[in-house]
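K.L.:
A predicted structure for the sequence below; I have some questions about it.
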4 protein chains.
Amino acid sequence: MIKIGIVGGTGYTGVELLRILATHPEAQLTAITSRKEDGLPVADMYPSLRGRVDVAFSSPDKARLTECDVVFFATPHGVAMAQAPELLAAGVKVIDLAADFRLQDVAEFEKWYGMPHSCTAVLQEAVYGLPELHREAIKTARVIGNPGCYPTTMQLGFYPLLKAGIVDAANLIADCKSGVSGAGRKAEIGILFSETSDSFKAYGVSGHRHTPETVEQLQRMTTDKVGLVFTPHLVPMIRGMHSTLYARLTKEISNEALQALFVDAYKDEPFVDVMPFGSHPETRSTRASNMLRLALHRPGNGNTVVVLVVQDNLVKGSSGQAVQCMNLMFGLDEATGLNHVPVMP
Amino acid sequence: MIKIGIVGGTGYTGVELLRILATHPEAQLTAITSRKEDGLPVADMYPSLRGRVDVAFSSPDKARLTECDVVFFATPHGVAMAQAPELLAAGVKVIDLAADFRLQDVAEFEKWYGMPHSCTAVLQEAVYGLPELHREAIKTARVIGNPGCYPTTMQLGFYPLLKAGIVDAANLIADCKSGVSGAGRKAEIGILFSETSDSFKAYGVSGHRHTPETVEQLQRMTTDKVGLVFTPHLVPMIRGMHSTLYARLTKEISNEALQALFVDAYKDEPFVDVMPFGSHPETRSTRASNMLRLALHRPGNGNTVVVLVVQDNLVKGSSGQAVQCMNLMFGLDEATGLNHVPVMP
Amino acid sequence: MIKIGIVGGTGYTGVELLRILATHPEAQLTAITSRKEDGLPVADMYPSLRGRVDVAFSSPDKARLTECDVVFFATPHGVAMAQAPELLAAGVKVIDLAADFRLQDVAEFEKWYGMPHSCTAVLQEAVYGLPELHREAIKTARVIGNPGCYPTTMQLGFYPLLKAGIVDAANLIADCKSGVSGAGRKAEIGILFSETSDSFKAYGVSGHRHTPETVEQLQRMTTDKVGLVFTPHLVPMIRGMHSTLYARLTKEISNEALQALFVDAYKDEPFVDVMPFGSHPETRSTRASNMLRLALHRPGNGNTVVVLVVQDNLVKGSSGQAVQCMNLMFGLDEATGLNHVPVMP
Amino acid sequence: MIKIGIVGGTGYTGVELLRILATHPEAQLTAITSRKEDGLPVADMYPSLRGRVDVAFSSPDKARLTECDVVFFATPHGVAMAQAPELLAAGVKVIDLAADFRLQDVAEFEKWYGMPHSCTAVLQEAVYGLPELHREAIKTARVIGNPGCYPTTMQLGFYPLLKAGIVDAANLIADCKSGVSGAGRKAEIGILFSETSDSFKAYGVSGHRHTPETVEQLQRMTTDKVGLVFTPHLVPMIRGMHSTLYARLTKEISNEALQALFVDAYKDEPFVDVMPFGSHPETRSTRASNMLRLALHRPGNGNTVVVLVVQDNLVKGSSGQAVQCMNLMFGLDEATGLNHVPVMP
């Protein structure tokens, strides 16, 4: 059994980790920290876990995280980098669900996250936790920067095109839509029910933190200079993410060959489903599961490829992907504890 | 492995059965019938099942249901009673998710469902599939009438009170609210998104089919004459059911003793959670799981007991309960394949 | 033109007042106060008002409210009673949308609202602003306590029954459901989209502030002792309120005579719609309008009358009702500026 | 008073016409036809109209539409062109909310709508009913083809850019999102609450009927060859449309100058609101009103302009726009009866 600690488990990625780990056959939840909720049984905050998770929150000083095998950080940006060195020194692996270990370019991190990076030595060895693209590195990693939700869809959607070198890398467009849980569990007016229900809007159009992360990763796929316009939107749904990706073809290619690029790229992947050409994946077809689905279109048989990508932002977009990484880091079957069938309707 | 057939798997209770059975360690889906969709892979209709369920719908004549160990009917009322005799004769057990085997009073059935009961011999041996109240009979049953969703909440909520003989059985009130999936997957104007979203209404207030079913069962709990006013409402949510039950106390009793009645009644039940006195259970705390939760209130410390009961209408209210019955009928641990942690948020 | 001031216009009842007053032919918005938003154009906070409302918030000290003809308080409880005396002394009428002037029983106010009542002299002359029941008093009032949203539905629903003396006044039950906007525009976890969407729950079942207000008013309708069990619930919709009222008949009466009681009571009311016996009103049939609709049922032709009442909680349940009172106080046609057709779908 | 007939008023555009016309000071609803609902009072189908609209549906043969001044067709495609000649001959003006008179290219019409165009003579004189671009022609038109909802947003969003000749017209992208009411009031599985709520998807990505309509109109704005990729999506909300438009700049231009292009183009328009550069309009800021709002962005100060456009698909996207055209056709102030303040929240 893997002894697991969670730092900051009161948010949505935290409770989703708990949901997944509660039925993971190799996971033993050892500690979950929250300074504010010290002593509160987790199931009192989340009645959905009554009878399933019997630990209580404890304050960080009591939590003895150094006795864990792995610690997940489901915290705001900046927390993991403060605590990682001590944990690593004690032989504990670290998986950060926030952004501390995602961006190798420290200047970009500091620009977008508005704080100095206090832990660049650890950052250098950190592995970007997208198993489909970095599986071998993840297996031996001590520190994982778990990808952002939007970046996961953009990378898996653009990857086969960029690798094949058939699109204009400098002019990629990603029009992305997320359920409201992606904004976290925070007391903010903007994400109230009465503010977000029965409405739709874009946000952060002039610039969003997931742009530099995605560009850094996309640039690893091609020698062409990558340019990306990324437009996030807020959908009145709890979970789910839908990315509509546009790329201009620079070479002649048949639709069959296009489809084959994606099928080949992901044919052995347990959590990427390449649907038939022309399909319209729905976010609900991935709800509460670690599956990401995508489908290709070519409107009017023109020179633009449209890739539709869906996932559950809290699972493949966050906590499920983190557990997928954990499985790899501990030599387990990658899908262990992640066999949830999507909840539909 | 239990060989399983499903008749009529294209509706919501059907696809929910498939979701549950897909990870049930002792279930082997053998056949699923749909005259209309003969030959269509199930996963083409429900992309959430891609890679998880690889059977195709087959027309009833090809389906060889008599080779199954058990057949679930996720069909409109009237179908199961037409097919049950042949299946039983072949040694196949039958679990009907519709109403054919719920009401022992044939006249009531015919009045409320508008059709003659063609199979009263089978009806007589049918067991009402509410494990918490009829566990032993279910274990040896050949035919199960799976309870309606509303009746499940009303029975489990009123049971400890009626059994203790401390409430006015003649004047029970059940104000119940259901998510829209309870209305099924039918092409009807009234359950369109634009008709039901951002709105709330009652329906069937003057009389609803679940009233006679519930009264028949409640009457088994007491020698007093049972009277019930049942008011169903439609909530703009997909899954979930919340029943607010009102009973007038006829005897002095402390709140502690009231709570003890419920705790004692359900202390060994894996799927009934008696929350602390004064709690407010949310439907989402049971989403996509087989758990039913309830809590007691006594407004103003007066003579009215309020019982709040929540469940997922498609799981404990339907398909999960059916699998719970199946587990009992085949000698399995009752919770086999039903350990889903509720999906929250 | 009536010169109008609004204190505290940043919440939902405030912006709804602005929406209504923007097209009211006799209203001239003179000042709207917010200490925090001093100087901010109202339309910058609420883009829906761009081009329609061109005033800016001003801090209370600058607002010169004493020059208004009437001031609405769309504030937390306790604000109106602090400012009312000065305004009244200056000849300004006061309409409080909070609770300061609703309860004549000061002890009950102080118990439920947790603050001393600082202004009992004004309270004594305050009129309860439900036009259908107190029209004449409202016409000459200087101070209005605008009713709570739930109490409006309960009073108008129970009134004809209590007045006729045909029900058991001591055992009334009101099972009420409100859209989330009723909880206000506050940065609280509990009313986030991801916490309230696709779920349903009761709250405040053991005791809610609207109980004493309603009981005080119901008691004015009958010499029998009134007893009320009131159970509020939260519905995943923005606007709308549905109250399901239960009363036990103590006298024989036909359904036709029952219906006639309601038709007669409200036949001249512009904002109460008595629907045909057995109807199921939907909240959306009142959306964004000042109309309240109700319908009667008698399940199984038994001795329980069920009254279904719907309204928009922000209009007839709050800001629309306040404008209805204002119209009466200033000698206008009661429906002036309130002719919005409900928005459907 | 303008005598008005409505053909096919049982759908959402029909009931929205009724809502608007009910308070239009110059409109007198004379007849509304529905073969199926002959004799049914409109308010029985739509209780929101109780007390506000007192006409009943009548079958087309009884409706005496030739006595009207104008007839609106809120019908499926193909109905208006069958009836228009007779009405025009009788001196009745025609406004079709469907597609019969939108596309001047008959071959395109027949390809996308799968029916022959039976009325090309009338089509030739028909005017495309987008007042902001064709106001003078609308004033004198006898027949209006009311624009599609998506095309309205795309045209008003791209127009200033194409007119200025500063973008690559051949590679326009429109990523558009619509509320579910846009799919109409039809008994179809795909638009059930349980199918569309809490989920998001694209549809018709490979080709949608609004593409040829939009391209035909955009081509009128420029001599460059127009190419458009249009991707519609379904949002779990009732009303509202959000179009995210992408255009590549071909000339140097400052953000101030860009903004000025839009401000100048729409400075006299009562129903187009150009928000400050960098704003994020929400669909709800236009709910139930005829206002369209838009805002410009330039991500990373690069060479892509992003235009965010929102409207209520049933008002400016359909019935409100039709009334706006009617006002022009009858010499009224263009905004008559269209002064609804958006409903927020």
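P.N.:
Thanks, I have it. Residues are numbered from 1 along each chain as shown, chains lettered A, B, ... in the order given.

K.L.:
Could you give the number of residues near residue A:106?
P.N.:
13 (other C-beta atoms under 10 Å in any protein chain shown). C-beta coordinates here come from the backbone N, C-alpha and C atoms, glycine included.

K.L.:
check contacts around the spatially closest residue to it that is not a sequence neighbour.
P.N.:
Closest residue in space to residue A:106, ignoring its immediate chain neighbours: residue A:117 at 4.9 Å, by C-beta to C-beta, 6 or more residues apart in numbering or on different chains. Residue A:117 makes contact with A:81, A:100, A:106, A:109, A:110, A:123, according to C-beta atoms under 8 Å, 6 or more residues apart in numbering or on different chains.

K.L.:
now with 7 Å?
P.N.:
A:81, A:106, A:109, A:110, A:123 (C-beta atoms under 7 Å, 6 or more residues apart in numbering or on different chains).

K.L.:
Quick check: which element contains it?
P.N.:
For residue A:117, there is no helix or strand it lies in under DSSP states H and E.

K.L.:
For the stretch 151-300 of chain A, which residues score under the pLDDT cut-off?
P.N.:
Residues of the stretch 151-300 of chain A meeting the criterion pLDDT under 70: none.

K.L.:
could you flag which of the contacts of residue A:117 are buried?
P.N.:
A:81, A:109, A:123 (16 or more other C-beta atoms under 10 Å in any protein chain shown).

K.L.:
Hmm, residue A:103 and the second one touching each other?
P.N.:
By that I understand residue A:109. Yes. Using C-beta atoms under 7 Å, residue A:109 is in contact with residue A:103, at 4.4 Å.

K.L.:
quick one, helices of the stretch 151-300 of chain A?
P.N.:
Per DSSP state H, counting those that start in this stretch, the stretch 151-300 of chain A carries helices over the ranges A:193-196, A:210-219, A:255-266.

K.L.:
Now the ones you listed in JSON lines, please, with extra columns for distance to chain B and mean neighbour count.
P.N.:
Supplementary listing: these in JSON lines, determined by distance: least, C-beta to the nearest C-beta, whole Å; neighbours: other C-beta atoms under 10 Å in any protein chain shown:
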{"stretch": "helix A:193-196", "distance to chain B": "11", "mean neighbour count": "26"}
{"stretch": "helix A:210-219", "distance to chain B": "21", "mean neighbour count": "22"}
{"stretch": "helix A:255-266", "distance to chain B": "12", "mean neighbour count": "16"}
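
K.L.:
what's the burial count for the one residue in the stretch 201-345 of chain A that gets nearest to chain D?
P.N.:
Here the stretch 201-345 of chain A gets closest to chain D at one residue, residue A:284, 3.7 Å apart by C-beta to the nearest C-beta. Residue A:284: 28 surrounding residues under other C-beta under 10 Å.

K.L.:
does it really touch residue A:311, like I thought?
P.N.:
No. Between residue A:284 and residue A:311 there is no contact under C-beta under 7 Å: 11.4 Å.

K.L.:
Just the pLDDT at the one residue in the stretch 1-150 of chain A that gets nearest to chain C, thanks.
P.N.:
Of all residues in the stretch 1-150 of chain A, residue A:12 sits closest to chain C, with a separation of 6.8 Å (C-beta to the nearest C-beta). As predicted, residue A:12 sits at a pLDDT of 97.

K.L.:
Could you report the distance from it to residue C:194?
P.N.:
7 Å (C-beta to C-beta, to the nearest Å).

K.L.:
what residues do these two have in common as contacts?
P.N.:
What both residue A:12 and residue C:194 touch, as defined by C-beta under 7 Å, 6+ apart, is the set A:181, A:185, B:345.

K.L.:
show me what contacts the second one?
P.N.:
With contacts defined as C-beta under 7 Å, 6+ apart, residue A:185 is in contact with A:11, A:12, C:189, C:192, C:194.

K.L.:
Can you flag which of the buried ones among the contacts of residue A:117 belong to strands?
P.N.:
Residues of the buried ones among the contacts of residue A:117 located in strands (DSSP state E): none.

K.L.:
taking the residues you listed one by one, which sit in helices?
P.N.:
Secondary structure from DSSP state H places A:81, A:109, A:123 of the buried ones among the contacts of residue A:117 in helices.

K.L.:
wait, doesn't residue A:207 sit right on residue D:298?
P.N.:
No. In terms of C-beta under 7 Å, residue A:207 does not count as a neighbour of residue D:298; the distance is 10.3 Å.

K.L.:
For those two, work out which one has more neighbours and name it.
P.N.:
residue D:298 (20 against 14).

K.L.:
Quick check: phi and psi on the more buried one?
P.N.:
Phi and psi for residue D:298, reported as degrees, to the nearest 10, are phi -140, psi 90.

K.L.:
Counting neighbours, what do you get for residue A:1?
P.N.:
For residue A:1, the count of nearby residues is 10 (other C-beta under 10 Å).
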